[in-house]
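Peer 1: here's a sequence, model it:
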Amino acid sequence: MSNARKEAIAAVTTFKSTAPPLNFKETPTNEIYGSNVFSDAQMKERLPKAVYKALQKTIKQYEKLDPSVADAVALAMKDWAIEKGATHYAHVFQPLTGITAEKHDSFLNPTGDGKTLAEFGAKELIQGEPDASSFPSGGLRSTFEARGYTAWDPTSPAYILENPNGTTLCIPTAYCSWTGEALDKKTPLLRSMQALDKQATRVLKLMGNSNFGPVTASAGPEQEYFLIDRNFFFARPDLVTTGRSLFGCKPPKGQEFEDHYFGAIPDRVLACMLDVERELYKLGVPVKTRHNEVAPAQYEIAPVYENANLAADHQHTTMMVLKKVASKYGMECLLAEKPFAGINGSGKHVNWSMGCALGNLLDPGDNPHSNMQFIIFCAAVLRAVHKYGDLMRASVAFSGNDHRLGANEAPPAIISVYLGSQLADIFSQIEAGGATTTKKGGTMTIGVDILPQIKKDAGDRNRTSPFAFTGNRFEFRAVGSNQSIAGPLVVLNTIMAESLEHLGDELEKELGGDPSKLPAAVQKVVSDSYKKHKDIVFNGNGYSEEWHQEAEKRGLPNLKDTVAAIPALLNPKNIEVLSKYGVLSEGEVHSRYEIYLERYCKDINSESLTALAMAKTMILPAGFRYQAELANTAASLKACGKNPHLGTLDKATELVAQLESAIDKLEGAINHTASGDILAHAKHFRDEVIPAMNVVRSIADKLETIVPDDIWPLPTYQEMLFIK
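Peer 2: Residues are numbered from 1 along each chain as shown. Have a look, this model is predicted:
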């Protein structure tokens, strides 16, 4: 075995964590939770009553921020942070790179007498000024137009970020250009939540409700990820540079035994998980679930769902903490959608709903057939997804997700809705003239006297659906594991606002000012809407070829890859819905079209250059060495009068020749300059570069199966996935 692999395996098998053991008994979770958050309790304790009440109106009632409260909030926040050991504060924002960014400033200011004073006021809290020319803008900003602003988001609490050498006060902010365009993920998300609140409020009032407060979108993203030893990680240039393995043949054992899913969690991994959870508890992230996922070395962490804006912020925090804590245990956290070929990739299933003081508006209750409020909100979802499925697909389109969507592990690229048998039956009744019954789940007897009867749900679950109803929410299963959830949430909130406005208009017409007509009006509006949009409902196997054919008959788009999906952003109806509610202007939509296609090109270019370098400098030389070894052996046998068997030499020689040829073709594809706009470049990468990369990989993976271990330079799938 090569020295690098030997050393990696030796380091893995002798690893001992230097992280101190955790003691949840000594410090219970309820004492840890939110301890590093400038929470409601901290604000109530530290702020004057009038300031606290004014700020709570902004946070909970979405009322306009009163600038006069900012000084008092800044002072209290600074004192709290300094008590926590903070020396700096940072405006944290989410540029269109898809990750978080932060600019740190010290609290200390010189006083002129050789001393310093800790200062932090309203000006520093409310507004920051990072460089706007060094982040993606898609043409909204020229290189010489560098001014940009961060603006304090009071609805997402400030928190303390710990470091071995100190702490920093982190302030969640929105990020925009000097001319007011959104350059981030948060600003459109907040705009979309505002639009949803307005339209949902109108419908609830038409339904006869009052005093229910704002309607808030909520989300709960399940995060899948891989953990491998860092010694393997740093011995693989492809993992270091791109986050996924560009080479590697299928190991003798993969996931076909189905023994990893929900299996016992390895001690080292569980120790890491416990540490991750502890850090997230301190930051107020409501993580709930942990378990082994389907693929070897794959795991999942999931929170309970919360305000969508806060959930998006917490999701960025979760990814950061996973990466940070894993290194303490000698592991690397891989968030790429498909880090290893031949086994399942990772998604980020986003559970989405909305609620207010009346409760969860997508909770059907015990008798959904008579729950008019739920029925009209559910009908709005069906209409929204049917009308704007291409926009939903575009919101999850990027190079990493192309390896996952449509495979037998993830939803197809065709957007459809799974309702389940109970709701499908109710909507069929409504279409036929009126719903009068609800299918009940009943109970299930297992057949063992000592086991309790199980309460059976009225409908099954469907893991092949990209957008499935799961009891009291919809689960958007097509979101990628390395992706910010803000983009998909922006789309869901906005298209739902448009559908609620449409159904609200229809309901208002049917009511004619007479509240007594409500049952008949809801029946008419929902029936008409369902007849037009029922083609979006599919309760069967989304992986089947039959569904692809059926979807085409229904007119549902099948946007199979990023290059096919991103242009949907420029569909006039999609620009109209995003601009109608001020979520994204036409210019902001065009900027994202440019940014996302450019990112696709950069991703594939980086992968292809890495693959080319590895093939030239690592894999091909290994092939040459083995070829020379075989040739020398054959020559030695022939010299002593023996008849050498040349089968393996012939095979190695053929594969090496094929690899050299494939490398040349890949290099030519990379060096070719596509003409035209960014879409033409993206098509070139999809149609020319990726196929050339795949050929190189196919040959290299075959070579891996015959080259001896002492020559093969890369840690193998068998080692990375199974040596813990």
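
Peer 1: how about the helices in the stretch 351-500 of the chain?
Peer 2: With DSSP state H, counting those that start in this stretch as the criterion, the stretch 351-500 of the chain has helices at 372-395, 399-402, 420-432, 486-511.

Peer 1: by residue count, what's the longest strand in this protein?
Peer 2: Longest strand of the chain, by residue count under DSSP state E: strand 166-177.

Peer 1: any idea of the mean pLDDT in that strand?
Peer 2: For strand 166-177, the mean per-residue pLDDT is 94.

Peer 1: and for stretch 494-501?
Peer 2: The average of the pLDDT scores along stretch 494-501 is 98.

Peer 1: ok, the residue of the chain positioned farthest from its centre to E629 distance?
Peer 2: Most distant residue from the mean C-alpha position of the chain: G641, 64.3 Å away (C-alpha atoms, centre = their mean). From G641 over to E629 the distance is 21 Å, taken as C-beta to C-beta, to the nearest Å. Glycine gets a C-beta too; all of them are placed from N, C-alpha and C.

Peer 1: before we move on, what about H645?
Peer 2: Note on H645: its distance to E629, by C-beta to C-beta, is 14 Å.

Peer 1: low pLDDT regions in the stretch 1-150 of the chain?
Peer 2: Residue ranges of the stretch 1-150 of the chain with pLDDT under 70: 1-2, 116, 132, 141-146.

Peer 1: how about the residue nearest the centre of the chain, what does it touch?
Peer 2: Centroid-nearest residue in the chain, with C-alpha atoms, centre = their mean: Q483, separated by 3.5 Å. Counting by C-beta atoms under 8 Å, 6 or more residues apart in numbering, Q483 touches 98, 348, 396, 398, 400-401.

Peer 1: now render these as TSV, adding distance to H672 and neighbour count.
Peer 2: Shown next, in TSV, are the contacts of Q483 (distance: C-beta to C-beta, whole Å; neighbours: other C-beta atoms under 10 Å):
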residue	distance to H672	neighbour count
G98	28	19
K348	34	29
V396	29	28
F398	23	21
G400	24	23
N401	25	26
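
Peer 1: which one of those residues is nearest D229?
Peer 2: Using C-beta to C-beta, G400 comes nearest to D229 of the contacts of Q483, at 22.2 Å.

Peer 1: burial of the residue nearest to that closest one when sequence neighbours are not counted, as a residue count?
Peer 2: Excluding the flanking residues, the one nearest G400 by C-beta to C-beta, 6 or more residues apart in numbering is E337, at 3.9 Å. Here the number of neighbours of E337 (other C-beta atoms under 10 Å) works out to 26.

Peer 1: and E337, its phi and psi?
Peer 2: phi -70, psi -30 (degrees, to the nearest 10).

Peer 1: need the contact list for it.
Peer 2: E337 sits next to 244, 345-347, 400-401, 403-404, 480-482 when contact means C-beta under 8 Å, 6+ apart.

Peer 1: redo that, cut-off 10 Å
Peer 2: By C-beta atoms under 10 Å, 6 or more residues apart in numbering, the contact set of E337 is 224, 243-244, 345-348, 398-405, 410, 479-483.

Peer 1: mark which of these are buried, thanks.
Peer 2: Buried by 16 or more other C-beta atoms under 10 Å: 224, 243-244, 345-348, 398-405, 410, 479-483, out of the contacts of E337.

Peer 1: enumerate every residue touching the residue nearest to E498 when sequence neighbours are not counted.
Peer 2: Take E498 and drop its neighbours on the chain: the residue closest to it by C-beta to C-beta, 6+ apart is V577, 5.0 Å away. By C-beta under 10 Å, 6+ apart, the contact set of V577 is 195, 384, 387-388, 391, 491, 494-495, 497-499, 571, 583-584.

Peer 1: now for those residues, which pair is the farthest apart?
Peer 2: A195 and N571 (19.0 Å).

Peer 1: my read: L578 touches Y593, true?
Peer 2: No - the pair L578 / Y593 is not scored as a contact, 11.6 Å apart, by C-beta atoms under 10 Å.

Peer 1: among the contacts of V577, who's most crowded?
Peer 2: Counting neighbours by other C-beta under 10 Å, the top entry in the contacts of V577 is T494, with 30 neighbours.

Peer 1: check contacts around it.
Peer 2: Neighbouring residues of T494 by C-beta under 10 Å, 6+ apart: 188-189, 191-193, 195-196, 199, 384, 388, 391, 574, 577-584.

Peer 1: in helices, which of those appear?
Peer 2: Using DSSP state H, the subset of the contacts of T494 located in helices is 188-189, 191-193, 195-196, 199, 384, 388, 391, 574, 577-580.

Peer 1: quick check: buried residues in the lengthiest helix in the chain?
Peer 2: Criterion DSSP H: the longest helix present in the chain is helix 586-614. Residues of helix 586-614 classed as buried: 588-597, 599-601, 603-604, 607-612, 614 (neighbour count, 16+ other C-beta under 10 Å).

Peer 1: equivalent analysis for stretch 499-517, please.
Peer 2: 499-504, 506-507, 510-511.

Peer 1: likewise for stretch 119-126?
Peer 2: So for stretch 119-126, counting by 16+ other C-beta under 10 Å, buried means 120, 122, 124-126.

Peer 1: okay if I get those as TSV plus secondary structure and distance to E431?
Peer 2: Shown next, in TSV, are the buried residues of stretch 119-126 (DSSP: H, G, I helix; E, B strand; the rest coil; distance: C-beta to C-beta, whole Å):
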residue	secondary structure	distance to E431
F120	coil	60
A122	helix	56
E124	helix	58
L125	helix	54
I126	helix	52
